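Colleague: Need a 3D model of the following:
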Amino acid sequence: MGGHFMEKIISIEYCTSWGYLKRAVALTENILNEHKNAINMVKIIPSSGGVFEVKFGDELIFSKKALDRFPEENEVENIIKEKLKE
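Modeller: Purely as a prediction, here's the structure:
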């Protein structure tokens, strides 16, 4: 193992032209309020094409592109909570 651990980095990629920044910021605030120092970093990535994609490390955990909807209340937060238990 060599002391390697998975960094707990959350990435939120959002579409700028559709005004999804508020949603990205609100989700970031919820994640940080709930998990505080259990998360190493939250990245907010401006993008295009109507995306709202959330990754935990390299794993895509929510995709508006795939599901054609925004996450429901606490949907992403609950996925992150489960991932942090692993």
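Colleague: got a pLDDT number for the closest residue to Leu84 other than its chain neighbours?
Modeller: Sequence neighbours aside, Ala38 is the residue nearest to Leu84 in space, at 5.7 Å (criterion: C-beta to C-beta, 6 or more residues apart in numbering). Yep, even glycine has a C-beta here, placed from its N, CA and C like the rest. Looking at Ala38, its pLDDT reads 94.
Colleague: Surely Ala38 is in contact with Lys8?
Modeller: Yes. Taking C-beta atoms under 8 Å as the definition, Ala38 is a contact partner of Lys8 at 6.6 Å.
Colleague: quick one on the thing from earlier: look at the residue nearest to Leu84 and say how many residues are nearby.
Modeller: Using other C-beta atoms under 10 Å, Ala38 is surrounded by 12 other residues.
Colleague: any idea how far the residue nearest in space to the middle of the chain is from Ile79?
Modeller: Centroid-nearest residue in the chain: Val54, 3.7 Å away (criterion: C-alpha atoms, centre = their mean). Separation of Val54 from Ile79 (C-beta to C-beta, to the nearest Å): 8 Å.
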